[in-house]
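**Student:** coordinates for the following, if possible.
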Amino acid sequence: MNVQSPALEEVNPDIPAYLSLSIQVNRDPFILLILFILVHLFYFPTWNAGFVTDFTGLAWRIETHRFWDFLNSFGFPAIQPILHFFQLIFYKSFGSNGFPWYVIFTTLHIVNGFLVFRVSRRLLRAFQIYQAEVIAFAGALLFLLSPYASEPVTWRVCFNYLLCSQFILFILRHTLRWLESGEWRYQVYSAILLAAALCTFQLALTIPLLTAWLVALWSTRFPAKGLLRVWFRQMLLPQILIIAGYFCLNKMVLGVWVGYYGTAVHLRLVPMEMLANAYQYLAKYLLFARYWEHGAKDALFTVITKNVWLFTGFFILLGLAYLYFYKKLSLPVKVAGWFLLAFFLALAPIANLYFNYLLYIENDRYGYLASVFFSLFLLTLFSTLPRWAGYSLFAIYLSLSAYFLQKTNHIWFDATQIYYSLLNDFRWYDKKEVYVLNLPDNLQGCLLFRDYSSQSLGLKDALQYVQRKPYSGKIWEVAQYNLTSAQDGVKAEWADKQLIVTTFQQWGNWWWRGGIGASAYEKGIFSFEPKGQSHEVRLKQIPTDAVFIYQTGGKWQAIGE
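**Tutor:** Modelled structure (predicted):
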């Protein structure tokens, strides 16, 4: 069956299609160059950043396993051999040398942006939308310069988000080409890429949803007898079988149907919570709400979570109106509706995970793929306005994105300076025990020495796998805290022979442990109790050959030195 349909927008009917294609192809290298320059202008300050927290866990897995153990993800509870193969090669080749990692991650991001441009241009031209190339280019820019892309592009354990998103974009591209030509090879390419994507990250589970929605949109513009039947047989059915095989493989290898965080997390499907998170993601991207003052954004997200039924009713009515008036809608509005629903579909695998808005950066990686469709939704919607209004709104959004991205990457820069300064300043290798009274957990959301293991490995693993100067003694991470600036720190002193009081020297901090607020606990020879701006450490006995250290800015100090 031939399902060919127009793919090029005839902006000028006097220009033959083949000439329009030639102009398009010749312009693409210039567009890629622009994307390349812009990404590096904003991201170069982060070239040595991102070797924090989970990176040391990755390094431990690689160094304590054999080469071929990438096939079982180095014991990590997920089927991700492709991801771990690349991470293995990178780590063995570069260690924690920042520049090669930076080049790889930014290159993937740039390629993803270029794919966004190519895929959306093809779709928009097929629907004969005026200035399709301009809309596609603007959408790619907004995606690439989104401040919410900073975490996956900079944190060196987020390769899975970049690579899996790239696989998905290629699949959408091949789906469009199959719809245009009917050639079976694009079905084969899509099936291979789906298998690769599933072996990289679970975002790949969105592929059948996205391709189904794309075919549904296409069939309304280019109705062809039997198209949906052929698509189901040739595209969707193979995808369903591959995903079914993936779940069975999880069950056989891992003993659970879903790996990574596990079935208790991924299969915890609470509709109201998932809808609330989806609406919060929309507000986060639409209003740059992560960057609001705390009181304002807390109020916004509280309104959303407490009025889920109201927002759900609104979107149901919006969807029904979209379907009812579909034939009367302009082509840009039709495609904008597709992009909006694709945004929500791309959130499906992560909608039941914790939505974080308290600090910057943290968990922004979850929305990386969805931000593709949000950017294109926004730009396609802008194209329906008068030209001056559309261009003005795009300029405002791009300016805000660029400003917040620069701000976010500056946080990465400051955090990296603190991180390496503290590693360089650690000097108690001759001591049997080191008690760290205030280990930095994060700087405004940018992770530093966070440790979920409860074994006080944050600093010790960083010394071993990043600094390459392992400490052989015992480190006790008594408490962690959030930094609000690069100069934050504490003052620690003996209150009596067995009591140490540690006090913040500025406002805006609180005590953390295991990634959340700290509470009183006992461990080893000491007990810990938070006291607001201070915390107290009471010793059951005075340890020998031990030192109690605390951090201020990028330096360590020891009590008594």
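
**Student:** who are the contact partners of N438?
**Tutor:** Residues near N438 by Cβ atoms under 8 Å, 6 or more residues apart in numbering: 478-481, 489-490, 492, 502, 550-551. Any C-beta I mention is one placed from the backbone N, CA and C, and that applies to glycine too.

**Student:** please apply the same query to W510.
**Tutor:** So W510 contacts 481-482, 517 (Cβ under 8 Å, 6+ apart).

**Student:** again, but for H266
**Tutor:** For H266, the contacting residues are 202, 258, 260, 349, 352, by Cβ under 8 Å, 6+ apart.

**Student:** skipping adjacent residues, who's closest to the second one in space?
**Tutor:** This means V258. Once flanking residues are discounted, V258 sits nearest to H266: 4.5 Å by Cβ to Cβ, 6 or more residues apart in numbering.

**Student:** quick check: that neighbour vs N352, distance?
**Tutor:** 7 Å (Cβ to Cβ, to the nearest Å).

**Student:** follow-up on the earlier one: please narrow the contacts of W510 to those residing in helices.
**Tutor:** Using DSSP state H, no member of these falls within helices.

**Student:** reformat those into CSV and put pLDDT next to each item.
**Tutor:** Output for the contacts of W510, formatted as CSV (pLDDT from 0 to 100):
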residue, pLDDT
Y481, 96
N482, 96
G517, 91
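
**Student:** which of those residues are buried?
**Tutor:** Buried members of the contacts of W510, counted by 16 or more other Cβ atoms under 10 Å: 481-482.

**Student:** turn the contacts of W510 into TSV, including distance to K297.
**Tutor:** Formatted as TSV, the contacts of W510 follow (distance: Cβ to Cβ, whole Å):
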residue	distance to K297
Y481	22
N482	16
G517	19
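
**Student:** which among the contacts of W510 gets closest to F70?
**Tutor:** Of all the contacts of W510, F70 sits closest to N482, with 34.8 Å by Cβ to Cβ.

**Student:** my guess is the closest one contacts W512. True?
**Tutor:** Yes: with contact defined as Cβ atoms under 8 Å, N482 counts as touching W512 (6.3 Å).

**Student:** quick check: neighbours shared by these two?
**Tutor:** Common neighbours of N482 and W512 (Cβ under 8 Å, 6+ apart) are D441.

**Student:** tell me which element S527 falls in.
**Tutor:** strand 526-531 (DSSP states H and E).

**Student:** that strand pairs with which strands?
**Tutor:** strand 521-523 (antiparallel), strand 534-539 (antiparallel) (DSSP bridges).

**Student:** out of those strands, flag the one nearest N97.
**Tutor:** Of all the strands paired with strand 526-531, it is strand 521-523 that lies closest to N97, at 35.8 Å by Cβ to Cβ.

**Student:** can you pick the most crowded of the contacts of N438?
**Tutor:** Within the contacts of N438, most neighbours by other Cβ atoms under 10 Å means V478, with 27 neighbours.

**Student:** so who does that residue touch?
**Tutor:** 435-439, 526, 528, 535, 537.

**Student:** M235 and R177, how far apart?
**Tutor:** When M235 is compared with R177 (using Cβ to Cβ), they lie 12 Å apart.

**Student:** more neighbours, the two?
**Tutor:** M235 (23 against 17).

**Student:** skipping adjacent residues, who's closest to the more buried one in space?
**Tutor:** Q187 (5.8 Å).

**Student:** my read: the one you found touches Q234, true?
**Tutor:** Yes: counting by Cβ under 8 Å, Q187 touches Q234, with 5.2 Å between them.

**Student:** pLDDT below threshold where in the stretch 151-300 of the chain?
**Tutor:** 225 (pLDDT under 70).

**Student:** let's see it at 50
**Tutor:** Counting by pLDDT under 50, the stretch 151-300 of the chain contains no low-confidence segment.

**Student:** where along the stretch 401-550 of the chain do the strands fall?
**Tutor:** 433-436, 439-443, 446-447, 474-477, 480-483, 490-496, 499-504, 511-513, 516-517, 521-523, 526-531, 534-539, 546-552 (DSSP state E, counting those that start in this stretch).

**Student:** so which of the ones you listed is nearest K92?
**Tutor:** Across the strands of the stretch 401-550 of the chain, closest to K92 is strand 446-447 (Cβ to Cβ), at 23.9 Å.

**Student:** what strands line up against the closest one, and which way round?
**Tutor:** strand 439-443 (antiparallel).

**Student:** the inter-axis angle of the partner strand versus strand 546-552?
**Tutor:** Here strand 439-443 runs at an angle of 20 degrees relative to strand 546-552 (axes from the mean of the first three to the mean of the last three Cα atoms, to 10 degrees).

**Student:** pretty sure H109 belongs to a helix, no?
**Tutor:** Yes: according to DSSP: H, G, I helix; E, B strand; the rest coil, H109 belongs to a helix.

**Student:** mind starting the numbering at 33 from now?
**Tutor:** Understood, numbering begins at 33; the last thing we discussed is H141.

**Student:** contacting residues for the closest residue to it other than its chain neighbours?
**Tutor:** With sequence-adjacent residues excluded and distances taken as Cβ to Cβ, 6+ apart, H141 is closest to V185, at 4.9 Å. Listed by Cβ under 8 Å, 6+ apart, the contact set of V185 reads 75, 78, 137-138, 141, 194.

**Student:** now these in JSON lines, with neighbour count?
**Tutor:** Formatted as JSON lines, these follow (neighbours: other Cβ atoms under 10 Å):
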{"residue": "Y75", "neighbour count": "24"}
{"residue": "T78", "neighbour count": "24"}
{"residue": "F137", "neighbour count": "23"}
{"residue": "T138", "neighbour count": "22"}
{"residue": "H141", "neighbour count": "24"}
{"residue": "L194", "neighbour count": "24"}
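
**Student:** include secondary structure and distance to L349 when you put these into CSV, please.
**Tutor:** Output for those, formatted as CSV (DSSP: H, G, I helix; E, B strand; the rest coil; distance: Cβ to Cβ, whole Å):
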residue, secondary structure, distance to L349
Y75, helix, 41
T78, helix, 43
F137, helix, 41
T138, helix, 42
H141, helix, 37
L194, helix, 36
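
**Student:** widest-spaced pair of these?
**Tutor:** For those, the maximum inter-member distance is 14.2 Å, found between T78 and L194 (Cβ to Cβ).

**Student:** any regions of the stretch 333-482 of the chain where pLDDT drops low?
**Tutor:** Scanning the stretch 333-482 of the chain residue by residue, none of them satisfies pLDDT under 50.

**Student:** list the helices and strands the helix or strand where A331 lies packs on?
**Tutor:** Under the criterion of DSSP H and E, A331 resides in helix 326-338. For helix 326-338, the packing partners by 3 or more Cβ pairs under 8 Å, 6 or more residues apart in numbering; DSSP states H and E come out as helix 303-319.

**Student:** from K523, how far off is T534?
**Tutor:** The gap separating T534 from K523 is 7 Å, by Cβ to Cβ.
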